[in-house]
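# Sharing a sequence plus its predicted fold:
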Protein chains: 2
Amino acid sequence: MPAKITTATSPDETTLLKIQEVAAETGLTPRSIRYYEEMGLLEPAGRSEGAYRLYDASDLERLRYIKELRDDAGFSLAQIGQLLEDEAARERNRERFRATQDPRERRAILEDARSRVERQIQTLESKAERLGAMIGAARARRAHLDGHLAELDGGPAPHPDRNARA
Amino acid sequence: MPAKITTATSPDETTLLKIQEVAAETGLTPRSIRYYEEMGLLEPAGRSEGAYRLYDASDLERLRYIKELRDDAGFSLAQIGQLLEDEAARERNRERFRATQDPRERRAILEDARSRVERQIQTLESKAERLGAMIGAARARRAHLDGHLAELDGGPAPHPDRNARA
DNA sequence: TCAGACCTTAACGTGAACGTCAAGGTTGTG
DNA sequence: CACAACCTTGACGTTCACGTTAAGGTCTGA
């Protein structure tokens, strides 16, 4: 029997992984995973009787998301913590939402959630925008080179400015 | 007289700045600028008689580029070093290009330069792509919330899936 | 010419994000 | 039940990207 759960939320015990398995699955190291927990970025779904950390599918998802934010977006763990905190608030709001029937309250909850997501989008988009500008500059350099290459190929008709986007 | 130059390349002495001025201009600290030099990311255009570092316009440009790569793209200084090394190779190629008349050699130089820029673009684009995916996911969440809000507004006609992009 | 603001190198300090090692407990397979 | 392979919690080490301080040289305006 693959380890009993001490937590209440045990959806399906076959889906629970030990830390090294999670590491293999996510490409993180066990140390990093523990460190993220230490930094408050996640809590394992449960613990075995012997206090082994046990992770479920949503934990994996979260860890992959953390890795994306770290590697792809280049955020610090502190920033990631902020983003995930907003995520957590979103979850709590879902509860509050289901708990009430009052449309006015529901609207408030939804709008709060929306503003949080909006902020995340803003954060990501500003990064993407600046990255896009850098890509644009690089493409311009490439276009310039292409112009010179074409110049070597055909006649010397530079027509100095074409091919702005890929 | 604002400091004599010890280097051969002195295009216009009025454009030369001391490190603190460069710091104010670029938003970096003097320490960071020296550290980047230490890491081989740039050399000041010249030195004063008393060995003060003196920077010209192209140095500022380079430093701003470094800052962009660091802050916006989130690259490590090592990665930035790679990108700038390619940049440097590009410059050397420009010299080699002007030095020859042979179309075959010119073509080779241009194509080498193009492949370097292409690599830079690939690096940046892969980052932008993954960032874009994350933004897409966030937008989907926002759309979901918007759906619920509309549901509260008008009649309960969810139509669950619209508004994929901003 | 000289005071004060700036610069130099050298060296040590710091926070983030882990790596690594030690000492011991847990699991599950033979 | 033995035992290898995993896990636990410390605790200390390491790398990166600087910050800070020390001891001294340089620049410039009054």
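Nice, thanks for sending it over. In this text the structure is predicted, and so the values were computed from the model without any measurement.

# What helix or strand is residue A:22 located in?
Under the criterion of DSSP states H and E, residue A:22 resides in helix A:19-26.

# Need the residues that contact that helix.
Residues from elsewhere that reach helix A:19-26, judged by CB atoms under 8 Å, 6 or more residues apart in numbering or on different chains: A:17, A:28-30, A:33-34, A:52-53, A:55, A:59-60, A:63-64, A:67. The way it works is simple: take the backbone N, C-alpha and C, and place the C-beta from them, glycine included.

# Considering these, which is situated nearest to residue B:105?
residue A:67 (45.5 Å; CB to CB).

# That closest one: neighbouring residues, count only.
16 (other CB atoms under 10 Å in any protein chain shown).

# From DNA strand D, how far out is it?
For residue A:67, the distance to DNA strand D (CB to the nearest atom of the strand, to the nearest Å) stands at 18 Å.

# I'd say that residue and residue A:27 touch.
Yes: between residue A:67 and residue A:27 there is a contact at 6.7 Å, judged by CB atoms under 8 Å.

# Report the two members of the contacts of helix A:19-26 separated by the largest distance.
Across the contacts of helix A:19-26 (CB to CB), the longest gap, 22.1 Å, separates A:52 and A:67.

# tell me the strands in chain A, going along the chain?
Ranges of strands in chain A, per DSSP state E, are A:46-47, A:53-54.

# highest average neighbour count across these?
strand A:53-54 (a mean of 23; mean count of other CB atoms under 10 Å in any protein chain shown).

# Does DNA strand C have contacts with it?
No: applying CB under 7 Å from any atom of the strand, one finds strand A:53-54 out of contact with DNA strand C, separated by at least 9.7 Å.

# Could I get the strands of chain A in CSV, plus columns for mean pLDDT and distance to residue B:89?
Compiled in CSV, the strands of chain A are given as follows (pLDDT from 0 to 100; distance: least, CB to CB, whole Å):
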stretch, mean pLDDT, distance to residue B:89
strand A:46-47, 98, 54
strand A:53-54, 98, 48
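
# got the ones you listed as JSON lines, with distance to residue B:127 columns?
Converted to JSON lines, the strands of chain A look like this (distance: least, CB to CB, whole Å):
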{"stretch": "strand A:46-47", "distance to residue B:127": "35"}
{"stretch": "strand A:53-54", "distance to residue B:127": "31"}
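
# Quick one: closest of those strands to residue A:107.
Short answer: strand A:46-47, nearest of these by CB to CB, at 35.8 Å.

# Tell me if the closest one is near DNA strand C.
No: applying CB under 7 Å from any atom of the strand, one finds strand A:46-47 separated from DNA strand C by no less than 8.6 Å.

# Which residue would be the closest one in chain A to chain B?
residue A:74 (2.0 Å; CB to the nearest CB).

# Contact partners for that residue?
A:127, B:73, B:74, B:75.

# Give me the phi and psi for it.
For residue A:74, the backbone dihedrals are phi 70, psi 30 (criterion: degrees, to the nearest 10).

# quick one: it from DNA strand D, how far?
Residue A:74 is 11 Å from DNA strand D, by CB to the nearest atom of the strand.

# in chain A, what secondary structure element scores lowest on mean pLDDT?
helix A:77-99 (a mean of 88; mean pLDDT, DSSP states H and E).

# count of neighbours near the spatially closest residue to residue A:72 that is not a sequence neighbour?
Distances taken as CB to CB, 6 or more residues apart in numbering or on different chains place residue B:130 nearest to residue A:72, at 3.7 Å, with adjacent residues excluded. By other CB under 10 Å, the residues close to residue B:130 number 14.

# ok, residue A:87 - how many residues close by?
For residue A:87, the neighbour count with other CB under 10 Å is 15.

# mind listing what the residue nearest the centre of chain A touches?
For chain A, the residue sitting closest to the mean C-alpha position, by CA atoms, centre = their mean, is residue A:65 at 3.5 Å. Residues in contact with residue A:65 (CB under 8 Å, 6+ apart) are residue A:84.

# And it, how close does it get to residue A:99?
27 Å (CB to CB, to the nearest Å).

# residue ranges with poor pLDDT in chain A?
A:1-14, A:155-166 (pLDDT under 70).

# Relative to DNA strand C, how far out is residue A:104?
40 Å.

# Please apply the same query to residue A:97.
32 Å.

# try residue A:53
As judged by CB to the nearest atom of the strand, residue A:53 and DNA strand C stand 11 Å apart.
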